[in-house]
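Q: no sequence on hand, only this structure:
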């Protein structure tokens, strides 16, 4: 499981985020997503720690804390939703002339 960190400054680095979370335990991984077109940070990230207890301690301490001029939003990360394909899928209706049964 990992921790979601929102409302991050666009000046944050993986190293600086790692250092803040390391105060609460062993950080396994830090991920800062970037915009595909601009390459700019998206203002949130994910931190994976070694144990649930360490994650809970970091969430308790950092949620709502001010860092780099911003009030952090820190909570358990939710599993990524499967949004399906961009094709729309079969939603019924549509043109039935091409259907062959």
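A: Noted; the coordinates are in hand. Keep in mind that this is a model prediction, so the values were computed, not measured.
Q: is it true that residue 41 touches residue 8?
A: Yes. With contact defined as C-beta atoms under 8 Å, residue 41 counts as touching residue 8 (7.1 Å). All C-beta spots, glycine's among them, are computed from the backbone N, C-alpha and C.
Q: so between those two, which is more surrounded?
A: Shown here are residue 41 and residue 8; by other C-beta atoms under 10 Å, residue 8 has more neighbours (20 against 17).
Q: nearest spatial neighbour of that one, chain-adjacent residues omitted?
A: residue 43 (5.4 Å; C-beta to C-beta, 6 or more residues apart in numbering).
Q: contacting residues around that neighbour?
A: Listed by C-beta atoms under 8 Å, 6 or more residues apart in numbering, the contact set of residue 43 reads 6-8, 10.
Q: so which of those residues wins on neighbours?
A: Within the contacts of residue 43, neighbour counts (other C-beta under 10 Å) peak at residue 8, which reaches 20 neighbours.
Q: could you look up the SS state of that one?
A: coil (DSSP: H, G, I helix; E, B strand; the rest coil).
Q: same question for residue 53.
A: Per three-state DSSP, residue 53 ends up helix.
Q: run a quick neighbour tally on the closest residue to residue 55 other than its chain neighbours.
A: Closest residue to residue 55 apart from its sequence neighbours, by C-beta to C-beta, 6+ apart: residue 49 at 4.8 Å. Residues near residue 49, counting by other C-beta under 10 Å, number 23.
Q: quick check: phi and psi on residue 49?
A: Phi and psi for residue 49, reported as degrees, to the nearest 10, are phi -110, psi 170.
Q: ok, now which ones touch it?
A: 2-3, 21, 24-28, 55, 58.
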